[in-house]
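> Okay, sequence plus prediction incoming.
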Amino acid sequence: MKKFKHVVSIIVLGAMISLSACSNNPSTNDTVAAKPSQASAVSAESSKNEPDSQEVFKIGILTALTGQNSNGAYPLSGAELAINEINEAGGIAGKWKIEYYAEDDENVVANSIALSQKLIAQEGIHALIGAYNSANSIAVGELTQENEIPQMCPASTAASVVEQGYEYIFRIAAPDKIYAESIVDYLIEQGYESAAIIYDSSEFGLSGSTFLLKYAKEIGHEDFFVTTEVYTTGDRDFSTQLTNMKGYHPEVIVPWGWYEEVAPMLQQMKQLDIDSLVCGYGFENDGLSRLAGEYAEGVMAATSFVRLTSDPRAAAFVEKFEQNYNLLATKEAVNGYDAVYAFAKAVEAADSIDGKAVAEQLHKLHFSGIGGEFEFESNGEIQKRAFMTIVEGGLFVLID
């Protein structure tokens, strides 16, 4: 479990994040651990020379930089970019500068709970961005509810995240339901008649597979999915599941999981002479092509943000993000960025950093961010548009 404190823009963080993200699940933990301490030293030294006339709005960022499926660099970097922009422009309404405290929970639920307790009790945070995985966000939700800390989830898409009855949890990531419906609609519109689902056994994967089956039934295509298979995060051998699916001769295989597992899955499909179309969700990251190489070409996935965009505001974000962090902009990066600006808008509207007041304003907020225009529903849910993408030349691009 690793901690970072930042008050101002820290140049070395960009390099650290790039190293950790590009190695997928980093084995270079010593490098990752060393960089934050250097960044903290720069941050603390810089803050001594800053005028202390502004109050401070403290944001905790709980993410996964190490461990399995450690893609937390994206929302963390997006959030940092937004924080730096706001502070450089004079803070929130000229009254509050933003400090943030980032913790690496390694995608372990027990770590998420312990680190959230630390952020609340020791750092005195006013808001939280995180966690990354759905199960982790749900576990933390009880703490943020008890302490009246608004919590924004940038990557947790499972339905159960906003079904706990918590008033302080908000999802800024598009939910699984939207992706599932987009995938089913697209496949049926294209004339496909059968598909098989293979999903991660986590809360995330279970939610996605449930919505796929439910929606197909709702629109009168109950027999569209001929079988389902499940695997565990960290698995690399999918020969049993793929062989089982092959027996049903599905035209499409729909994975619902992270690219770290889907990449070897694609390679094994080739070895087993499975030529089904692959179209799913959760793996729409450049890491898929980095790991799977040529086997990733033609793979399709749903997403809520397309990096190669004609929207001027989104294009400017992509350029700035990628220049600063040497990472390709993803929907998680956008969500981290938009989360900070949503908090800032709510603080300004409340004219307060009190958690209850900020949460009330979030429920009233109509927000125009890089990820689109949205409002939070009464349970903290959000509605966004999904897009279908395909891998061409190693990158996910919008399907015309």
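Received, thanks. Numbers count the residues shown, from 1 in each chain.
> residues in contact with residue 360?
Shown in contact with residue 360 (CB atoms under 8 Å, 6 or more residues apart in numbering): residue 350. The C-beta positions use only the backbone N, C-alpha and C, and glycine is treated the same way.
> quick check, it in a helix?
Yes. Applying DSSP: H, G, I helix; E, B strand; the rest coil, one finds residue 360 inside a helix.
> if I look at it, how far off is residue 352?
In this view, residue 360 and residue 352 are 10 Å apart by CB to CB, to the nearest Å.
> Repeat that for residue 395.
Counting by CB to CB - residue 395 and residue 352 are separated by 43 Å.
> Kindly report the same for residue 118.
24 Å.
> Just confirm residue 117 is within a strand.
No. According to three-state DSSP, residue 117 belongs to no strand; its state is helix.
> show me what contacts the nearest residue in space to it that is not next to it in sequence?
Nearest residue to residue 117, sequence neighbours excluded (CB to CB, 6 or more residues apart in numbering): residue 143, at 6.4 Å. For residue 143, the contact set (CB under 8 Å, 6+ apart) comprises 113, 116, 117, 120, 149.
> starting at the chain centroid, how far to whichever helix or strand residue 143 is part of?
Assigned by DSSP states H and E, residue 143 falls within helix 134-146. Taking the mean of its C-alpha atoms, helix 134-146 sits 16 Å from the chain's own mean (CA atoms, centre = their mean, to the nearest Å).
> Check this structure and tell me which residue is nearest its centre.
Among the residues of the chain, the one closest to the centroid is residue 155, at 2.5 Å (CA atoms, centre = their mean).
> That one contacts residue 172, correct?
No. Contact between residue 155 and residue 172 fails when scored by CB atoms under 8 Å: they sit 9.2 Å apart.
> hey, what's in contact with both of these two?
residue 335.
> picking up where we left off before, quick check, pLDDT for the residue nearest to residue 117.
Note for residue 143: predicted pLDDT of 97.
> can you offset everything so residue one is 370?
Okay, residue one is now 370; in that scheme the one you just asked about reads as residue 512.
> And it, how close does it get to residue 667?
In terms of CB to CB, residue 512 sits 43 Å off from residue 667.
> again, but for residue 462
49 Å.
> do the same with residue 610
Counting by CB to CB - residue 610 and residue 667 are separated by 21 Å.
> Please say which of those two ends up with more neighbours.
residue 610 (21 against 13; other CB atoms under 10 Å).
> Looks to me like the more buried one is in a helix.
Yes. The assignment for residue 610 (three-state DSSP) places it in a helix.
> hang on, isn't it packed against residue 601?
No. Between residue 610 and residue 601 there is no contact under CB under 8 Å: 11.0 Å.
> Pull out the buried positions in whichever strand or helix holds residue 581.
Using DSSP H and E, residue 581 sits within helix 572-587. The neighbour-count check on helix 572-587 (16 or more other CB atoms under 10 Å) flags 572-582, 584-585 as buried.
> and what of stretch 458-470?
For stretch 458-470, by 16+ other CB under 10 Å, it's 460, 461, 464, 465, 466, 467, 468, 469, 470.
> Can you list the low-confidence ranges for this structure?
Applying pLDDT under 70 to the chain flags residues 370-421.
> Can you give the domain ranges for it?
Domain segmentation of the chain under automatic domain parsing yields 371-542+680-744, 545-672.
> For the residue nearest to the centre of the chain, give me its contacts.
By CB under 8 Å, 6+ apart, the contact set of residue 524 is 440, 441, 443, 444, 501, 502, 542, 701, 704.
> okay if I get those as JSON lines plus secondary structure?
Converted to JSON lines, the contacts of residue 524 look like this (three-state DSSP):
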{"residue": "440", "secondary structure": "coil"}
{"residue": "441", "secondary structure": "coil"}
{"residue": "443", "secondary structure": "helix"}
{"residue": "444", "secondary structure": "helix"}
{"residue": "501", "secondary structure": "coil"}
{"residue": "502", "secondary structure": "coil"}
{"residue": "542", "secondary structure": "coil"}
{"residue": "701", "secondary structure": "helix"}
{"residue": "704", "secondary structure": "helix"}
